Structures are given as structure tokens and as C-alpha cells.
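**Q** Any chance you can model this:
(3 chains)
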Amino acid sequence: MLQIRALHIQDFGPFKGCQTVNLSPEDGVTVIYGENMRGKTSLLNAVRFAFFGKVIGRGTKAMPLHKIGNWEQAAAGKYGFQVQLEFTDDCHEYKLTRSCHPREGVISPRHDEDYLVDYFLEKDSNVLGPQQAEAEIKRILPEQISRFFLFDGELLQEYEDLLSSETDMGRRISEAIERILGVPVLTSARTSLLRLKEKSEHREATAAQGDQKTREFGNQLADLHAQRHVLNEDLERLERELEEARSQKASLEEAMKKKERLAALLDKRDTLDRLMKEIEIRRAAKQIELQQAMAGAWCSLLADPIRNATKSLRESELALQTELLRADVLSSLHVNSGSECPACLQQVSPDAKQRIELSIHAASDKDRAEKDRELAAIRRKLTALDQYTGASRTDVLRILWDAVEEAAVDFAAKKGERDEIAKQLESVDEESLRKTKTDFESTIRLIDVLEKGVVRTRDLLEQNKSDAENIQRRLDKLSGANLGAERRRRELLSDLHRLFNEAVGAYREQLRKRVEADATRHFKALTTEPEYAGLRINDSYGLTIVHQDGSDIPVRSAGAEHVVALCLMGALQNNAPLRGPIVIDSPFGRLDRGHTRNIIRTLPNMAKQVILLVYEDELPPDLAREELKSKLRGEWKLDRRSARHTELVPRKD
Amino acid sequence: MTSNSKSSGDDQLQALLETVERLRREKYSTLDANLVSELLRMHTDSGAGDGEIARGVEQVVERHLAERA
Amino acid sequence: MASDKKTIGITKANATALSNLVIAGRFGSELDAAKFAMAYAVKKGTPPGNIEGAETKWNVGSVDPDGSMRSLLESFYPTGEEPYRLAEHLMNEGIKSLAELLGANGDLYDTLFTSAQTR
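**A** Purely as a prediction, here's the structure:
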């Protein structure tokens, strides 16, 4: 059984320099605490890297090697990283060292191609040759099933989704599960026996052809075998093409989904174009109106000066008018030299008369004309001022101005949006989009044809089989001793084949029941809901929670997914010949205290060595110590030195 | 990660043997138990190639037939 | 008045500023913008003066068809003798001032609407 003794990492992720985690050789749980982004997932990835040379980022995509090395080191010009795993398996001691470094001559690597990844494996202090090393690693931890041991809490949900759906991935995982549960032993035995049986049947037919008595049947059998051979090849070909067509359909579906989005974008773009045109027309019209209105804008600036000038001019006008009027009155007084003042009807004294005369002479005719002109000028100015007082309507101007600005802003916004969309549509080939739809439709038709072909071929094979069995029976009745041996061989192989064929189904059924039972056992220990009776398993190892009244609980929370996936994992560990450590990254993030407690308590029963990567809120140290007691074998923490430098230190509190 | 000390790998082999043996008893009692178990064991060897196994199976079957003849 | 200008012009230096003003103020023509500049100068209290080197742009007949603008200027500057020369001066001064205002991220909007009289 695989057991990890130590992990030495160098410049991997946030782990700058050489750092080590030592694990106890005793059964139990080691907890490594670290806040988010400190490097918990990097530790899990380090183990993955050691075994498979791969690192997984978010969303299960392989991460580029260039991004894995410690950034602080990279900033200092030091590139590359290394992981060394010390472990035992089957009483042997292993040291697996895998490193990634820049190729010779590359000073500043930027892409994966600039790096070289190599490894070597020591077994009991002897370095194994490359082929042996590869075989050992494949035997010790096959990659397809590594997901049952290297557990990323984030991927748990995805993992359950995969199992319950009819996807390519789901099938591969089911196969992986069956592989570790031993099913291939039976299926390959079945295949060997089938081949032998067919070979034997062929020999028998040939022998029958050699004897005159049985020749006819022999010939017919030989023909049927030949036909069977062709039909088998046809079936293989059809199934292969069907597989290809199905995955083609899946990728076309993806493309179609994208197409829908793009078609929507195209529509949006056209709509925006139209709206932009309308806005532009509106804006242009308002602009013209505004320009016309702005012709009078200068008057609004002059409102104050006009008012002031008007005031002072009116004063001047009044003064002049008064003066002129007075002059007229005096003049008429002088001309009408009667002694009465027309105003007050009093006698005008000779003194007064003299004064009047002086006054009049003071103002000559010339003066008078000038004053008239002055008054006229003033009046002309007042008229002009009046004209301009009412000339500008600032409220209208403001409205027009605002309208034009608003239209400009609206236009700019829509243009911005449209430009964004145009950028997205830049690399789109509209032709190919249309083609996708037609391709999809023809793929669907192809799948239909192929499926029908498969069914028909299988029917023909069935027919062929029953015809052959018929002939075989008649041949058996007829044949003599010379065919006896062949017949016995054929019958033996036929029985053996049938036995193993049935065994496959029986074993699968048994396995499912055992996995279901073990998973249910784990589930009951983990769940906090008393009304849950257990788990039910389906053909692809998907698990459904069952209520005590027998009904399925169809929908689950993310936390419930975690719990169920953990149960499956525990059940697989129980039933697989491959047992090893479970390394789990953040398993409790979505679970409440009750479930967390239960899981902590149950973990030591699921595997001999468990390594938990958690943060303190998720799993308070006290809780861990309380629940695990003596099964807690080690506590570590990820200490922050800087944003890109974490140190692994044993926890001392 | 294969079984340490003859435990889990053997457990699995045991389970396979039991399944096959039970079926044999129920429905194929004319088949020899040892033959069946030997054939099964041959296919648990993950190190052998397909050709090797096929030849091995044929030999075992022939030997059995010869013994019975 | 006989010596007053018959044409009104804009200095070379102001030519660009005038084009910018037309755009910033959404005017329909350079003449509209120039009148606005003139009014701005009056409002600011620009003293009368004379400019040299103006390149002819308009006839006074186009600028002031009914003579009312002249009367207006005479009201604001009663001591002036040549209103059209004054107009030319004020226009050019106004263009310069407005260019400074717009250059310092000023907006004609404020000039127009916050200092305008409410009716």
C-alpha cells in the first residue's frame, strides 16, 4: 500500500527555495493549515506533478509549466522547479524526483517549449531504468484513478456531475472505477475465450469440409464463419464511426451554442446601427435649429449692458426732451408778448421778460438743431436697444443645446457598444457559422444511419449465430470420431466463454452492491439528517440519496455533493486492491459543523493515511484535535512570508 | 499502489474466483473448477501481453482436453 | 463717420480661434460667432481700441444690415466715433478672450446660461 513519507518541494508555486513536509509512518491524519491562496492546492499539485508531470489549474485544465515556478525566484531570474516524493509501497522504499528546468541555452523562458521535464525513480536506493520506472509508477498510481486519491474539494462537485451524466468523461471514469475493481480481468478472459472459440469453430468447419459426409455442412459453416468475420469487422467499424460522430456532434453543439450568442450579437449590432442613424438625424436637425438660434445668442450676453444703456439713454432723452420743451415754451412766451404766462396766468413782469430774452438768445437756432439731432440719435439707439432686448430667448437656447448634447452623448454610448460588438465579431467567419448548422444537421443524420447500421449488423450477427448453431447441431449428429475432438474443444471453449460472459455481469452487479453498501455505511456515519436511509447506485456509479420512505432525493446542495463523493471514494478504497493515501484539498468549505465533525471522525476509517489541506475557519484546530485524538499524526501550517512566498512549518501551538 | 502483503489484491482475486465458481456450480457444473480458476488467474497478470495470455490460455485448454481424452 | 471702416476683418492670429469658437458654440456661421465674441468683449468691459492687421472677412452691410448694431455700440460707447472699427476691435478681443476661456477647459454653456439674464 502506498504511503507517503515526505514531500520535498523546490520553487514550486508559492514555496520558495527548498521546503519539506515530513509525514508520520503511523496510520492517521496529517492536517496542513493555510489560508486561501497560500498554497494548499499547490501542495496537492506537487504530488500530482511528481507522479504524472502535470499540474491542474482551475476548471481541471492543465496549467502551463511556465506559470508554476515560484514568481519571486522568476523575478530574480531563477526559473524551474522540482518535487521529490519519498514513499513506501509493498515494503519497498521509493524516491521519485521530477524536475522542470529551462532548456539549455534558454535564459528567460516564456513558454512550455522552453522547459524540459524529467524524472527518475529510486527503489530501495537503486535508480531504475526509464522503462522500469514508468511501469512502476503506472502500477503504483495509475493516472486515471488518481482522482480517487488526490482530491481537490473544488473538483468534487464536477466529479459527481460527471458520474451521473451520460458524457464521454462519465464513461471514462466508470471504466476507471471498474478497472480498479477488477472487472477487466473477467472481460479480458471472456475475450480470450471468444477468440479461441471462434478459432476452434473454424478448425471444426475445415475438418468437416475434409469429410465427404460432412462437407456440405462444413462448407456452410465455413461460409457462415467468413460472414461472421466480415460482420464483426463491420460492427467494429460502425461502432467506431458512431463514437466519432457522437463526439463530433458534441463539439458542433458547442459551436452552435456559441453561434447562438454570435447571431444575437449580429442582431444587436444591426439594431445599434439603425438607432445610431436615427439619433444622428435627430441630432443634425436639432443642431441646425440650434445654429439658427445661436445667431441671436450674442444678445443674451448683452442683456445687462443693454439694460444699463437703456436706463442712461432714457435719462438723457428725458433731460433733452425737457430742455427742448422748456425752450419751446419760452419761445412761445416771447413770441406771444402778452403779459400773461399761459401756465400760471399771471402777469409777466418786465424783469422776467428780460430774463426770458436772455435765455432764448443763449440758445441759438444752431444749438436747437443739434439738440434735435441728439434727441433723434438717442431715440434711434433706444429703438435698437429695445430691438435687442427681446431678441434672445435663452430658455429655448438652453433646451436646444441640451438636446444636441444629449443626442451626442447617446450616439457616443451606442457607438461604443457597437464598436465592442464589432470587435467580438471581428474574427468571426459568418460563412463558417452557417456551415456549422448544416454540419450539425448532417451529423445527426449520420448518427441515425450509423445507429441503424449497428442494430442491423447486430441482428445479422445474431442470425448468423443461430444459423451456425443450427448447422453445428446437424453436423454434430452426423459427424463421426474424427470430428469428435474438434467438437469437444469447441464445446468446452463455448461453455467457458459463456461462463465468463455471465460472470462479467454478475461481478459488476456484485460490485455495485458492495460499493453501494459501503458508500451507504459511510454516508450514514457522515450525514446529520436522520431521515436519510442511505445511497443508491446507478450503472455509472452515480449515487442518489434515498429517503427512509424509499424515494430518491434528486437535488443536492454543493455540500451534499461533497459528502456523497467522499462516500464513493471511501467505498472504492474499501473495494479496490489499490489502497493509498487520500490527499484532500478543502473538503469542508461547503459543509456545516455537524458534517465536518462526522467526516473528521470517519476519515481515518477510509484510508490508512489521510492528508488534509484546510483553512482554520473550515476546520478549527481544536475541533480536529478533539475528533481525531491519537489519530492526528501531524499538524503543519503554510506561513506567509510575502504575497508570493509561503513557508511550510510544523505547527507548534 | 497495488496491494501490499497479499491483502487487497488477493481479496479482489478471491472475490473474482468466488463469483466465477458460484456461477460454474450453478450453471456450468460440467466445467472443471481448477481449469476455470487457472484461466482466471492468468488474466490477473497485468504485466503479460495479449499474445502471451492468448497462447497461455490455449495451452491450458489443450492440456485439459488431452488429459480428458 | 465717413472715416469708419466699410469692412470688418479678423487677424490671422485669431483665425483658428474663430473656427474653434464656431464649433464649440455650435454657431451657424463665423459671423454669428464673431458677434458673440464682440458681445462678450462688451460685457467684459473691454475699452475701445484699434486693431492692426485684420484680414477682411465681411462687409458692414452683411454684418449690420439695418444699422441697429451700430446704434447699439454707440449706446455702449457714447464717446466713440467709428462704431465699425470699434466692432472689429471688440470682435477680435472677444475671440482672444473666449479662446483663453475655452482653452482652460471652459465651456460656452456656462458663459451662455449661468450669466444670462432670466426673463
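**Q** any idea which element residue A:434 lies in?
**A** helix A:430-478 (DSSP states H and E).
**Q** Ok, residue A:637 next?
**A** strand A:632-642.
**Q** Starting from that strand, tell me the next helix or strand along the chain.
**A** strand A:645-650.
**Q** Quick one: mean pLDDT for that following strand?
**A** When pLDDT is averaged over strand A:645-650, the result is 89.
**Q** Same question for stretch A:95-111.
**A** Mean predicted confidence for stretch A:95-111 is 89.
**Q** Give the buried residues for that stretch.
**A** Within stretch A:95-111, the residues that count as buried by 16 or more other Cβ atoms under 10 Å in any protein chain shown are A:95, A:96, A:97, A:98, A:99, A:100, A:101, A:102, A:109. (Each C-beta comes from the backbone N, C-alpha and C, glycine too.)
**Q** on that earlier part again, quick one: distance of the helix holding residue A:434 to the chain centre.
**A** Here the centre of helix A:430-478 is set off from its chain's centre by 38 Å, with Cα atoms, centre = their mean, to the nearest Å.
**Q** ok, then the element right after that helix?
**A** Counting by DSSP H and E, what follows helix A:430-478 is helix A:481-526.
**Q** And that following helix, how far out from the chain middle?
**A** Chain-centre distance of helix A:481-526: 42 Å, with Cα atoms, centre = their mean.
**Q** hang on, the earlier thing: tell me which residues in the strand holding residue A:637 are buried?
**A** Quick answer for strand A:632-642 (16+ other Cβ under 10 Å): A:632, A:633, A:634, A:635, A:636, A:637, A:638, A:640.
**Q** contacting residues for the last one?
**A** Same thing as residue A:640. A:35, A:38, A:646 (Cβ atoms under 8 Å, 6 or more residues apart in numbering or on different chains).
**Q** and with 6 Å instead?
**A** By Cβ atoms under 6 Å, 6 or more residues apart in numbering or on different chains, no residues touch residue A:640.
**Q** Can you lay out the buried residues of strand A:632-642 as CSV showing pLDDT and distance to residue A:380?
**A** CSV is the format used below for those (pLDDT from 0 to 100; distance: Cβ to Cβ, whole Å):
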residue, pLDDT, distance to residue A:380
A:632, 92, 107
A:633, 92, 110
A:634, 92, 107
A:635, 93, 103
A:636, 93, 101
A:637, 91, 96
A:638, 90, 93
A:640, 87, 88
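**Q** Pick out the most distant pair among the residues you listed.
**A** A:633 and A:640 (24.6 Å; Cβ to Cβ).
**Q** Run a quick neighbour tally on the closest residue to residue A:428 other than its chain neighbours.
**A** Once flanking residues are discounted, residue A:428 sits nearest to residue A:262: 5.7 Å by Cβ to Cβ, 6 or more residues apart in numbering or on different chains. Counted with other Cβ atoms under 10 Å in any protein chain shown, the neighbours of residue A:262 add up to 17.
**Q** and residue A:262, what helix or strand is that in?
**A** Assigned by DSSP H and E, residue A:262 belongs to helix A:215-294.
**Q** Kindly report the same for residue A:618.
**A** Here residue A:618 is assigned to no helix or strand, by DSSP H and E.
**Q** Return the distance of the nearest residue to it once chain neighbours are set aside relative to residue A:574.
**A** In space, residue A:618 comes closest to residue A:588 once its chain neighbours are excluded; the distance is 4.6 Å by Cβ to Cβ, 6+ apart. Using Cβ to Cβ, to the nearest Å, we find residue A:588 at a distance of 22 Å from residue A:574.
**Q** Name the residue in these two with the higher neighbour count.
**A** Just comparing residue A:588 and residue A:574: by other Cβ under 10 Å the higher neighbour count belongs to residue A:588, 23 against 20.
**Q** Wait, that one touches residue A:617, no?
**A** No. With contacts counted by Cβ atoms under 6 Å, residue A:588 stays clear of residue A:617, the gap being 9.4 Å.
**Q** burial measure for residue 27, as a count.
**A** Since you didn't name a chain, this refers to chain A. 13.
**Q** My question was about chain C, not that one.
**A** 23.
**Q** likewise residue C:13?
**A** 12.
**Q** quick one: whichever strand or helix holds it near chain A?
**A** Using DSSP H and E, residue C:13 sits within helix C:12-24. No. Legend: contact between helix C:12-24 and chain A by Cβ under 6 Å from any Cβ of the partner chain is lacking; minimum distance shown is 9.3 Å.
**Q** can you pull the buried residues of that helix?
**A** Of all the residues in helix C:12-24, those buried under the rule 16+ other Cβ under 10 Å are C:14, C:17, C:18, C:20, C:21, C:22, C:24.
**Q** Distance-wise, check the nearest residue to the first one once chain neighbours are set aside relative to chain B.
**A** Same thing as residue C:14. Nearest non-adjacent residue to residue C:14, counting by Cβ to Cβ, 6+ apart: residue C:95, 4.6 Å away. Using Cβ to the nearest Cβ, to the nearest Å, one gets 88 Å for the distance from residue C:95 to chain B.
**Q** Could you check how far the strand or helix carrying residue C:95 is from the centre of its chain?
**A** In this assignment (DSSP H and E), residue C:95 forms part of helix C:83-103. When distances are taken as Cα atoms, centre = their mean, helix C:83-103 is centred 5 Å away from the chain's centroid.
**Q** just to revisit the earlier point, could you name the helices and strands sitting against the helix holding residue C:13?
**A** helix C:30-44, helix C:83-103 (3 or more Cβ pairs under 6 Å, 6 or more residues apart in numbering or on different chains; DSSP states H and E).
**Q** Quick check: which of these has the most neighbours on average?
**A** Compared across the helices and strands packed on helix C:12-24, helix C:30-44 shows the largest average neighbour count, a mean of 24 (mean count of other Cβ atoms under 10 Å in any protein chain shown).
**Q** So that one, near chain A or not?
**A** Yes. Helix C:30-44 reaches chain A (Cβ under 6 Å from any Cβ) through C:32, C:35, C:36, C:39, C:40, C:42, C:43.
**Q** ok and that helix relative to helix C:12-24, angle-wise?
**A** 100 degrees (axes from the mean of the first three to the mean of the last three Cα atoms, to 10 degrees).
**Q** hmm, who's touching helix C:30-44?
**A** The contact list for helix C:30-44 (Cβ under 6 Å, 6+ apart) reads A:294-295, A:297-298, A:301-302, A:305, C:18, C:21-22, C:25, C:27, C:76, C:87, C:90-91, C:93-95, C:98.
**Q** after it comes which helix or strand?
**A** Next element after helix C:30-44 (DSSP H and E): strand C:54-59.
**Q** what angle do that next one and helix C:12-24 make?
**A** Between strand C:54-59 and helix C:12-24, the angle comes out at 50 degrees (the same axes, to 10 degrees).
**Q** Cheers, nothing more for now.
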